[in-house]
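Trainee: Next input, structure requested:
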Amino acid sequence: MSRADSSCRTSSAAVDVKYLGVIDYLDAWELQRELANGRLEEQNPDTLLLLEHPSVYTAGKRTSTEDRPTDGTPVIDVDRGGKITWHGPGQIVGYPIVGLADPIDVVDYVRRLEQALIHVCDEFGLDAGRVDGRSGVWLPADGARPERKIAAIGIRVQRGVTMHGLELNCNADLGGFDRIVPCGISDAGTTSLSAELGRNVTVDEAYPMVEQAVLDALDGRLAVTERDIPRDQPTAAGVTLSLDPSLR
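Mentor: Alright, predicted model coming up:
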């Protein structure tokens with residue numbers, strides 16, 4: 001089954017893409033707010049920010065105390081859905097600041113971002129997909145390795161305009177995830193393009209694929225398809241997508 005109907009994606013045909021390089025998380029968050037307010041007032045177009053962050057932990061609205069670092073590592077509490085995650089060098093971060101078309105379908109928007117990153121994994125030869133009840137993009141358990149999350153999604157939608165977004169691990173130091181329970185999920189691992197492919201996949205290599213896939217997914221050129229990874233056991237608890245009605 002696929003959904004290619006562009007009427008349920010963004011309300012603008014053009015998306016302005018901005019490459020920011022490595023930028024402090026708080027500076028990028030402030031820029032997101034400025035762009036979101038401008039989009040609400042129709043003062044600027046839909047925008048896709050692509051960037052990297054210095055090493056930082058951010059905690060979404062559903063983060064539990066036990067998910068946080070126990071060694072005093074600073075955490076920035078943010079206004080997106082989901083739980084805690086790590087951002088750092090070697091990880092592509094994408095923040096689409098877009099106005100969703102009526103009727104607003106937040107779940108469909110999240111699925112489109114997932115589809116974009118699944119497509120990027122396809123281009124690298126990785127058979128990635130979704131896990132029912134959990135957002136993001138996953139690789140199936142393989143021998144001694146558990147299910148592994150290669151890309152995460154965490155968003156906020158206010159008055160129909162999106163903030164926050166996606167992350168894809170390229171050649172990031174996955175040790176950054178060791179101090180936390182990533183996305184509140186303790187029974188799975190994290191991985192990267194480099195770890196899975198056995199070679200160094202840089203942010204520069206993956207950037208153009210991520211940009212094109214996200215734009216195609218938002219515009220409806222990339223259809224949302226059912227793409228669940230194979231599982232030997234029933235779906236476990238650990239929902240990472242939180243849709244707060246007050247944020248819509």
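
Trainee: mind listing what Arg111 touches?
Mentor: The contact partners of Arg111, taken as CB atoms under 8 Å, 6 or more residues apart in numbering, are Val224. For every residue, glycine as well, the C-beta is placed using N, CA and C.

Trainee: and the gap between it and Thr58?
Mentor: Computed as CB to CB, to the nearest Å, the Arg111 to Thr58 distance reads 22 Å.

Trainee: for the chain, which spans come out with low pLDDT?
Mentor: For the chain, residues meeting the criterion pLDDT under 70 lie at 1-13, 180-188, 233-248.

Trainee: Mind doing that once more with 80?
Mentor: Within the chain, the stretches with pLDDT under 80 are 1-13, 66-67, 70-72, 176-188, 232-248.

Trainee: for it, what's the longest strand?
Mentor: Counting by DSSP state E, the longest strand found in the chain is strand 148-158.

Trainee: From the contact counts, what lies against whichever helix or strand comes after that strand?
Mentor: Note on strand 148-158: by DSSP states H and E, the next helix or strand toward the C-terminus is strand 161-169. When contacts are defined as 3 or more CB pairs under 8 Å, 6 or more residues apart in numbering; DSSP states H and E, strand 161-169 packs onto helix 25-40, strand 91-97, helix 106-123, strand 148-158, helix 193-197, helix 203-219.

Trainee: Run the angle between strand 161-169 and helix 203-219 for me.
Mentor: Strand 161-169 and helix 203-219 are oriented at 140 degrees to each other (axes from the mean of the first three to the mean of the last three CA atoms, to 10 degrees).

Trainee: Pull the distance from strand 161-169 to the chain's centre.
Mentor: Remark: strand 161-169 is offset 5 Å from the chain centroid, using CA atoms, centre = their mean, to the nearest Å.

Trainee: now do stretch 77-91
Mentor: That offset, for stretch 77-91, works out to 9 Å (CA atoms, centre = their mean).

Trainee: Go ahead and name everything in contact with stretch 116-127.
Mentor: The contact list for stretch 116-127, computed with CB under 8 Å, 6+ apart, reads 128-130, 137, 139-140, 150-151, 166, 168, 193, 196-197, 201, 206, 209-210, 213-214, 216-217, 222, 227, 229.

Trainee: closest one to Thr63 among the helices and strands packed on strand 161-169?
Mentor: Counting by CB to CB, Thr63 lies closest to strand 148-158 out of the helices and strands packed on strand 161-169; the figure is 10.6 Å.

Trainee: Would you mind putting the CA coordinates of that closest one into PDB?
Mentor: Output of strand 148-158 as PDB, limited to C-alpha atoms (Å, rounded to 0.1, in the frame of the first residue of the first chain):
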ATOM      1  CA  ARG A 148      19.200  -1.200  15.900                       C
ATOM      2  CA  LYS A 149      18.000   2.300  15.400                       C
ATOM      3  CA  ILE A 150      19.800   4.200  12.600                       C
ATOM      4  CA  ALA A 151      17.600   7.300  12.400                       C
ATOM      5  CA  ALA A 152      15.300   9.000  14.900                       C
ATOM      6  CA  ILE A 153      12.300  11.300  14.500                       C
ATOM      7  CA  GLY A 154      11.100  13.900  17.100                       C
ATOM      8  CA  ILE A 155       8.800  16.700  16.100                       C
ATOM      9  CA  ARG A 156       6.600  19.600  17.300                       C
ATOM     10  CA  VAL A 157       3.600  20.900  15.400                       C
ATOM     11  CA  GLN A 158       2.100  24.200  16.500                       C
END
